[in-house]
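Asks: Test case, fold it:
(chains A, B and C)
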Amino acid sequence: MTATSPRRRALKVSSIALGLALALSAPAGAADLVISNWDGYMAPDAMASFKTATGVSGEVVVHATNEEIMGKLIAAGGKGYDVVFVSSPFAEVLNKLGLTEPIDHAKIPNLANLYPEATKLPHDVGNAFSVPYTWGTTGLCYRSDLVKTAPTSWSDLLAPSDALKGKTTMLATDRWLLAAGQLDKGFSVNETDPAKMAEVKDLLISAKKTLLAYDDTTFYSKLVSGEALMVQAWDGWCNYGIAEKPEIKYVIPKEGSDLWVDTMVVMKASEHKDDAFKFINFMLDAKNHAWAAQNIDYKVPNKPAMESLPADFLAKFPNMAMPVADLVKFEQLRDVGEAQRDYSKIVSEIKAAQ
Amino acid sequence: MVRAADGKPIAWLSERRTPGATPEGRARQGRGGYFVKYQPSRSSLLMAPALVWLTALMVVPCALVLALAFFRRGIYGGIDYTFTLENFGLVFDPLYAGIFLNSARIAGTATLIAVVIGYAAAYAIAAAPRRWQPVFLFFAVLPFWSNYLIRTYAWIVLLNREGLITQLLRWFGYTGEPPSMLYTEGAVIAGLVYNYLPFVILACYAPLSRLNPELAEASRDLGASAATTLRRVILPLTVPGIAAGAVFVFVLSIGNFVTPALLGGGRFQMIGNLVYDQFLTANDWPFGAALAMALIAIMLLVLMAQALATDRAAGRAAEARGQADG
Amino acid sequence: MAERSPATRRTLWLALVLVFAFLYIPIAVLVALSFNEGGLAFR
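Replies: From the prediction side, this is the model:
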């Protein structure tokens, strides 16, 4: 495998200083197709090959987090962008705000490459406004050589054995941080009932006392160095750790996981909608989509692309071979509307707890 | 004689009178007025670029942020333009007020440590041979020329469980559990002290180097111990430097969000992180704006306290001069 | 400044050495690491 470019779902570390400045700036140039994506989340030469294939030129701007691009899109009514990569709950919000263009299936023949399950995702049945790009699970990533008994439950992370105390990390992004508690308690990952969320909060505050850190970006290198022994991780990011140290393993706890889906949406304000659909069609091409799977180590919802992955790659990263039927059993994170504000406050309370 | 366009002589170019030569000059001298005639039109012309700059890049954005604080968050982020005061009320919610207090405590601790170390360093530099002083000062500021993030990462390398300090301990034969140093409040404070120490050294060096050594000598001759001399003579006369340095560290620390994120591992929520989260995670810009305004208010209070301390110290210094003259 | 006893002078030099060590050890560590291929740990 070639060098991976880690995906920056919430790159708090290096983007932190730039974040505020970027949040208020608009993308440069308006002539061509403007794509906003996470850094390193597609082939570096994707735009060049897209131009060779279609004659359309475009530029990629990067966002560090969903929230960052959402801030820009909402502030500017979606102007200045043509295709945006966001996680599914955020695609839902964009759609509710009327900022998304309905997907014209006739212009994207490669939609036929999608697994049937990927066209029936609850957040957008029938791909009316979004097209899935990657999908996967959130689970536990651990050092099998240093953890005596393999973890099987979220409780192994939230109430760790003495040997693991101070050697675990959790994701800092609010929805996934809360999901660990919600799943452990057997609640929905979209639970908003105040009493139930109070339980989740108490659980996560007690878990905080045994935590090394909240970490969205470097948890896999902490595993590699041995600084942490078990971390809450997105499957693809755990793969980055596995690539460096085969003793690292990934497990989905018995209580389950969320099903996260990163999607492509076309902005209603786009002035290049046909080209935008061409771009999505290009990304769904089996070969291009397979590149994504093999280089960013995330599962893609593209049947011919997944079937083209070499056996040794799947052997090295077992979670890449997860059957689609198992994957879609999990509940998607959904937009929770007004309750998002309560989520934010609960997360603040957890992070401020001593 | 130099003349301005309107034909009038430009006083401060043509009449370089020695201040103190006339009674009014003597009166002016104490307030640092060297320019003989104050000409409002000309000086405001020179001020104009700075004023335009400040207005466009400081006052206007701050006013916009302030205005933002009076609106509601839209359901999906963004701003719902209905007037409300609830964002300011929320600042006093025990949760957020607690985060303010906690930030002030962390910033205060960092300030105290930085001032003690920085003052000692500045004193030592001021006591070094004259020709070495600029060299020491230069090297005290040099680390500052590297990037803040990189300087902070250096501490991650040093403090993490598999980091250099642990490896050093092992090299000396330590076999136990490595100490947990990173992602603690101590690590956050160390990072803040490290990053802002040069400010304190510079700020304290200025009054220390100007201090008339005869004052300390007189104090010793009159029987005061070294400690009493420091406490009763040197410290009071260098309060402006200490106050300037302390305010720098405190103000920069209380709003800091990089260091708590990197060295605190997200386990310590400071007010800067909270503002960052409101703008970039919760997408609640109005509440973020209210928090930012509360933070600015705290900083203004601290700056006023500094101005007061400096003023009183200046009074003491003038008194000391007066007694020396008499 | 005023005449100082040797003990005072030694203390002042020690203070300088300690402060400069505090300021420069982290930077020295980073410079040393920049010659290192293997990431964060010295190997």
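
Asks: Name the next helix or strand downstream of the helix or strand A:Thr137 falls within, please.
Replies: Element membership for A:Thr137 (DSSP states H and E) is strand A:131-143. Next along the chain after strand A:131-143, taking DSSP H and E as the criterion, comes helix A:155-158.

Asks: after that next one comes which helix or strand?
Replies: Using DSSP H and E, the first helix or strand after helix A:155-158 is strand A:168-170.

Asks: Give me the contacts around that following strand.
Replies: A:157, A:160, A:177, A:180, A:207, A:210-215, A:219, A:222, A:228-232, B:265 (C-beta atoms under 8 Å, 6 or more residues apart in numbering or on different chains). Just so you know, the C-beta spots here come from the backbone N, C-alpha and C atoms, and that holds for glycine as well.

Asks: Just these: which are in strands?
Replies: If you go by DSSP state E, the contacts of strand A:168-170 have A:Leu211, A:Leu212, A:Ala213, A:Tyr214, A:Met230, A:Val231, A:Gln232 in strands.

Asks: any idea how far chain A is from the spatially most central residue of chain C?
Replies: Geometric centre of chain C, nearest residue: C:Ala21, 1.4 Å, by C-alpha atoms, centre = their mean. According to C-beta to the nearest C-beta, to the nearest Å, C:Ala21 stands 25 Å off from chain A.

Asks: ok but that residue is inside a strand, no?
Replies: No. Per DSSP: H, G, I helix; E, B strand; the rest coil, C:Ala21 lies outside any strand segment and is helix.

Asks: The strand or helix carrying A:Ser36 and chain B, any residue contact?
Replies: Assigning secondary structure by DSSP H and E places A:Ser36 in strand A:33-38. No. Strand A:33-38 lies out of reach of chain B by C-beta under 8 Å from any C-beta of the partner chain, never closer than 14.8 Å.

Asks: that older thread, pLDDT score assigned to the residue nearest to the centre of chain C?
Replies: C:Ala21 is assigned 94 on the pLDDT scale.

Asks: same check, this time on A:Arg9
Replies: Turning to A:Arg9, the model gives it a pLDDT of 40.

Asks: can you check B:Leu46 too?
Replies: pLDDT for B:Leu46: 87.

Asks: quick one, what contacts A:Lys107?
Replies: Counting by C-beta under 8 Å, 6+ apart, A:Lys107 makes contact with A:Asp274, A:Phe277, A:Lys278, A:Asn281.

Asks: and those, which are buried?
Replies: Buried subset of the contacts of A:Lys107 (neighbour count, 16 or more other C-beta atoms under 10 Å in any protein chain shown): A:Phe277, A:Lys278, A:Asn281.

Asks: Among those residues, which one lies nearest to chain C?
Replies: When the buried ones among the contacts of A:Lys107 are ranked by distance to chain C (C-beta to the nearest C-beta), A:Asn281 comes first, at 39.6 Å.

Asks: and the closest one, what element?
Replies: Counting by DSSP H and E, A:Asn281 is found in helix A:273-283.

Asks: Which SSE is immediately downstream of that helix?
Replies: Helix A:273-283 is succeeded, C-terminally, by helix A:286-296 (DSSP H and E).

Asks: which other helices and strands contact that next one?
Replies: Helices and strands touching helix A:286-296, as assessed by 3 or more C-beta pairs under 8 Å, 6 or more residues apart in numbering or on different chains; DSSP states H and E, comprise strand A:131-143, helix A:273-283, helix A:303-307.

Asks: can we see that at 7 Å?
Replies: Where contact means 3 or more C-beta pairs under 7 Å, 6 or more residues apart in numbering or on different chains; DSSP states H and E, helix A:286-296 is packed against helix A:303-307.
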